[in-house]
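In: attaching a predicted model along with its sequence, questions to come.
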Amino acid sequence: MTDLSRRAFLQRAGALSIVGGAAPFVMNLAAIGEAAAATATDYKALVCIFLFGGNDYANTVTPYDQASYDLYAANRGTIAHLRDTLTPTVLNPTNPLSGGRQFALAPNLAPLIPVFNAGRMAVMLNVGALVQPTSKTNYTNRSVPLPPKLFSHNDQQSFWQASSPEGATSGWGGRIGDLLQSGNGASALTCISASGNSVYLAGRTAIQYSVTTTGPIPLLNNATTLFGSGAGMTALRGLMTGARTNLFENEHATVTRRSIDLQAQVTAALAASPTITTPFPANTGNLAEQLRIVLRLISVSQELGARRQVFFVSLGGFDNHDSMLTTHPVLMTRLGAAMRYFYDATVELGIADRVTAFTGSDFGRTLTSNANGSDHGWGSHHFVMGGAVNGRAFYGNPPTIANNGPDDVGQGRLLPSLSVDQYGSTLANWFGVSSGQMSTALPNINNYNSSTWNLGFLT
């Protein structure tokens with residue numbers, strides 16, 4: 001095999017192994033990527049908080065001024081927040097929105113209000129998957145390319161994370177990692193997921209390293225003996241890691257050997273990680289635990305030789321076709337508590353200005369109610385949080401509140417006015433990706449005027 005075809009074969013084999021039972025074993029550490037052009041001399045981290053199922057935008061960032069609230073309530077029916085419950089979470093940006101427009105966070109997101117008021121959180125209005133700038137006329141006439149299979153969970157999760165439909169083999173987080181992994185001492189620690197395998201973190205050369213909420217996935221369950229025999233375990237490890245003449249077998253052994261070595265390195269570093277005294281939120285599900293292991297890994301980044309890292313965590317349960325009033329508040333409680341804990345802990349560790357967390361989701365949902373829930377939508381509102389955020393601000397245009405109005409495609413399904421590509425390129429620019437490299441990470445970005453590649457929400 002030529003060197004090029006060998007690399008392609010190994011990359012494809014690694015990608016396919018995700019579906020096998022040995023995925024955590026094999027994919028924890030894949031082949032070290034080729035050296036990339038970009039380097040970094042300081043530390044920065046991007047943390048994607050993905051909300052699986054399609055988060056309901058209207059009950060997350062809710063219209064509050066009286067005229068807008070009345071329109072919201074008329075379309076929402078029985079699933080609308082009561083206006084007086086929103087008063088404690090009204091957002092007061094430094095520069096008020098035009099026309100007297102106001103928004104409030106969901107009542108259960110109250111822990112985020114101090115972060116917003118401190119200028120360390122921003123709200124992104126009407127972000128969604130697009131191929132290029134798209135007007136309602138474009139959409140109606142199908143005169144521009146659209147993301148395939150709109151309103152489909154699997155395809156829109158993939159398009160949001162990868163700019164490609166289901167079946168994509170790399171995502172824009174992983175492709176950002178491709179560009180900057182050469183600055184890390186161990187390139188395998190560039191893209192780290194605390195939520196299983198995600199296409200978002202898969203690069204063309206960078207392959208994600210999966211961890212549990214307590215640390216590295218234990219290979220061989222950290223056993224020191226095999227059926228009580230230390231010699232048996234030594235022999236087994238030799239079989240697993242010894243050199244082979246067969247190309248695939250030898251690469252498998254190499255990856256396994258690196259995995260074992262890296263597991264020991266990360267485990268040792270985490271054992272000496274600083275204690276985080278920020279109170280951990282109780283009874284908020286798994287998201288806060290995922291963010292805690294991200295914090296611990298960031299806190300030992302210097303010991304691990306990492307300068308640029310991209311992380312992925314997630315929270316599920318957002319496909320609320322029914323039971324909106326009981327299910328969604330619980331999810332908002334978990335999200336708000338976990339994000340507040342994460343931000344406060346970055347402040348405690350002295351790294352807040354080097355860590356940016358942001359939310360994503362399959363899509364938004366309909367403004368109109370289907371009785372006690374909402375259906376699949378398109379654009380949605382999102383949060384960006386961190387010490388480098390130009391916060392206490394909204395970015396993007398407040399959409400018209402309507403059913404089949406100028407900013408939606410029916411039932412209040414928002415037609416995105418900001419694309420995931422613009423959202424991602426702003427994050428990537430802060431992270432260190434140059435404008436010349438941007439289309440490598442976000443292939444649709446060239447469809448947008450370069451003046452809109454940086455939305456300005458990061459310094």
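Out: Perfect, thanks for sending it. Residues are numbered from 1 along each chain as shown.

In: pLDDT at the nearest residue to Asp353 once chain neighbours are set aside, what is it?
Out: The spatial neighbour of Asp353 that comes closest, neighbours along the chain excluded (C-beta to C-beta, 6 or more residues apart in numbering), is Gly387 at 3.4 Å. C-beta: built from backbone N, CA, C; applies to glycine. On pLDDT, Gly387 comes in at 98.

In: got the contact list for Gly387?
Out: By C-beta atoms under 8 Å, 6 or more residues apart in numbering, the residues touching Gly387 are 120, 346-347, 351-355.

In: okay, now the nearest residue to Gly242 once chain neighbours are set aside: neighbour count?
Out: Counting by C-beta to C-beta, 6+ apart, Gly242 lies nearest to Ala253, which is 6.1 Å off, once chain neighbours are set aside. The number of residues packed near Ala253 is 18, by other C-beta atoms under 10 Å.

In: report pLDDT for Ala253.
Out: According to the prediction, Ala253 has pLDDT 84.

In: which residues touch it?
Out: 240-244.

In: how about 10 Å then?
Out: The neighbours of Ala253, taking C-beta atoms under 10 Å, 6 or more residues apart in numbering as the test, are 238-244, 246.

In: and what of Asn59?
Out: Asn59 is in contact with 72, 76, 79-81, 106-108, 320, 324-325, 328-329, 332, 365, 367, 374, counting by C-beta under 10 Å, 6+ apart.

In: look at Thr284 and say how many residues are nearby.
Out: Thr284: 18 neighbours (other C-beta under 10 Å).

In: pretty sure it sits against Val330.
Out: Yes. Between Thr284 and Val330 there is a contact under C-beta atoms under 10 Å: 9.2 Å.

In: list the buried residues of the helix or strand harbouring Met339.
Out: Met339 belongs to helix 324-349 when elements are defined using DSSP states H and E. Within helix 324-349, the residues that count as buried by 16 or more other C-beta atoms under 10 Å are 324, 327-329, 331-349.

In: this structure: strands as residue ranges?
Out: For the chain, strands defined by DSSP state E occupy the ranges 44-51, 61-63, 103-105, 121-128, 191-193, 209-212, 215-216, 308-315, 355-361, 380-386, 393-395, 418-419.

In: what about Arg120, distance to Tyr343?
Out: Arg120 sits 7 Å away from Tyr343, going by C-beta to C-beta, to the nearest Å.

In: among the contacts of Ala253, which ones are buried?
Out: Neighbour counting by 16+ other C-beta under 10 Å classes 240-241 among the contacts of Ala253 as buried.

In: make JSON lines out of the contacts of Ala253 and add pLDDT and distance to Pro398.
Out: JSON lines is the format used below for the contacts of Ala253 (pLDDT from 0 to 100; distance: C-beta to C-beta, whole Å):
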{"residue": "Gly238", "pLDDT": "80", "distance to Pro398": "64"}
{"residue": "Leu239", "pLDDT": "79", "distance to Pro398": "62"}
{"residue": "Met240", "pLDDT": "80", "distance to Pro398": "57"}
{"residue": "Thr241", "pLDDT": "80", "distance to Pro398": "58"}
{"residue": "Gly242", "pLDDT": "83", "distance to Pro398": "62"}
{"residue": "Ala243", "pLDDT": "87", "distance to Pro398": "62"}
{"residue": "Arg244", "pLDDT": "84", "distance to Pro398": "61"}
{"residue": "Asn246", "pLDDT": "90", "distance to Pro398": "60"}
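
In: still on that earlier bit, overlap of the contact sets of Arg120 and Tyr343?
Out: With C-beta under 10 Å, 6+ apart as the test, Arg120 and Tyr343 both reach 112, 114, 352, 385-387, 389.

In: the residues you listed into a markdown table, with extra columns for distance to Phe312?
Out: Shown next, in a markdown table, are these (distance: C-beta to C-beta, whole Å):
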| residue | distance to Phe312 |
| --- | --- |
| Leu112 | 21 |
| Pro114 | 26 |
| Ala352 | 20 |
| Met385 | 16 |
| Gly386 | 16 |
| Gly387 | 21 |
| Val389 | 19 |
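
In: so which of those is the closest to Pro279?
Out: Nearest to Pro279 out of those is Pro114 (C-beta to C-beta; 14.4 Å).

In: ok, and the closest non-adjacent residue to that closest one?
Out: Arg340 is the one closest to Pro114 (C-beta to C-beta, 6+ apart), at 7.9 Å.

In: and the pLDDT at that neighbour?
Out: Reported pLDDT for Arg340: 98.

In: include distance to Ser273 when you put the contacts of Gly387 into CSV, please.
Out: Below are those laid out as CSV (distance: C-beta to C-beta, whole Å):
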residue, distance to Ser273
Arg120, 24
Thr346, 14
Val347, 17
Ile351, 13
Ala352, 17
Asp353, 20
Arg354, 16
Val355, 15
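
In: as TSV, these with pLDDT would be great.
Out: Compiled in TSV, the contacts of Gly387 are given as follows (pLDDT from 0 to 100):
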residue	pLDDT
Arg120	98
Thr346	98
Val347	98
Ile351	97
Ala352	98
Asp353	97
Arg354	98
Val355	98
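
In: weed out the non-buried ones from the residues you listed.
Out: Buried residues within the contacts of Gly387, counting neighbours by 16+ other C-beta under 10 Å: 120, 346-347, 351-352, 354-355.

In: ok, so of the residues you listed, who is nearest Pro96?
Out: Here the nearest of these to Pro96, counting by C-beta to C-beta, is Arg120; it sits at 19.1 Å.

In: surely that closest one and Ala352 touch.
Out: Yes. Between Arg120 and Ala352 there is a contact under C-beta under 10 Å: 7.2 Å.

In: need the residues touching each of those two.
Out: Shared contacts of Arg120 and Ala352, counting by C-beta under 10 Å, 6+ apart, come down to 343, 346, 385-389.

In: wait, which of these is closest to Gly215?
Out: Once C-beta to C-beta is applied, the member of those that ends up nearest Gly215 is Thr346, at 19.5 Å.
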